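Chemist: The following comprises the amino acid sequence and a computationally predicted model.
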Amino acid sequence: MLFMTNTTETTNREAKNGPKTYRGSCVCGAVRFEADIDLQAGTSRCNCTLCTKAGIWGATIAPAAFRLLAGEDNLADFQRGAKIGHFAFCKTCGAHPFGHGDAPWMNGRYVSVELAALDDTDLSDVPVRYFDGRHDSWENPVVERAPARMFWVRP
């Protein structure tokens with residue numbers, strides 16, 4: 001697995017415009033993580049079949065900003081298509097709390113944290129970039145403010 005377990009406690013730190021440390025988990029709590037995310041820097045939704053059917057709404061961060069606290073041995077991996085992204089999911093509850101990969105158009109290695117897996121997070125006014133993954137059109141995302149639409153179909 002790509003991630004090292006880190007048991008060091010990190011306090012919440014929040015800058016006016018900058019990352020905040022969030023904690024998150026899968027549904028059953030077997031997989032727990034911590035991530036430094038600047039939600040005002042933007043989040044992403046995609047209308048490809050995987051993102052649409054799984055309801056994926058994520059924030060992309062550098063691998064160094066992600067710490068897996070528990071459950072590495074409880075994670076399974078799903079890949080599709082070009083096998084660039086890894087969609088980690090809990091073997092017990094099936095939840096998908098994060099993914100990771102390496103894509104040139106995303107500046108190399110990345111972690112995508114599933115926002116629904118975050119604990120106690122207000123997502124009511126974060127920027128959302130909608131990508132047309134169904135048509136492999138990544139160049140011109142539509143940007144809106146949350147609450148995000150569950151499904152987006154290209155006009």
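Modeler: Nice, I can see it. Residues are numbered from 1 along each chain as shown.

Chemist: Next one: the residue most central in space within the chain from residue 136, what distance?
Modeler: Centroid check for the chain by Cα atoms, centre = their mean gives residue 113 as the closest residue, at 2.1 Å. The gap separating residue 113 from residue 136 is 24 Å, by Cβ to Cβ, to the nearest Å. (Glycine included, C-beta is placed from N, CA and C.)

Chemist: Can you list the strands that the host helix or strand of residue 33 pairs with?
Modeler: Residue 33 belongs to strand 32-37 when elements are defined using DSSP states H and E. Paired strands of strand 32-37, with direction, are strand 20-25 (antiparallel), strand 66-70 (antiparallel) (DSSP bridges).

Chemist: which residues touch that strand?
Modeler: Under the criterion Cβ atoms under 8 Å, 6 or more residues apart in numbering, residues 6, 10, 19-26, 59, 61, 65-71, 97-98, 111, 113 lie in contact with strand 32-37.

Chemist: can you do 7 Å?
Modeler: 10, 19-25, 59, 61, 65-71, 97-98, 113 (Cβ atoms under 7 Å, 6 or more residues apart in numbering).

Chemist: Only the buried subset of the residues you listed, as a PyMOL command please.
Modeler: Selection of buried members from the contacts of strand 32-37 for PyMOL, criterion 16 or more other Cβ atoms under 10 Å:
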select buried, resi 19+22+23+24+25+59+61+65+66+67+68+69+71+97+98+113
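
Chemist: the helices in this structure, which residues?
Modeler: Using DSSP state H, the helices assigned to the chain run over residues 49-54.

Chemist: Where does pLDDT dip in it?
Modeler: 1-16, 81-84, 138-139, 142, 144-155 (pLDDT under 70).

Chemist: rerun that using 80 as the cut-off
Modeler: 1-17, 50-51, 54, 79-86, 103-107, 131-155 (pLDDT under 80).

Chemist: where do the strands sit along it?
Modeler: Per DSSP state E, the chain carries strands over the ranges 20-25, 32-37, 43-46, 57-61, 66-70, 75-78, 85-90, 98-103, 108-114, 127-132, 137-145.

Chemist: Since that was my last question, I'll sign off now.
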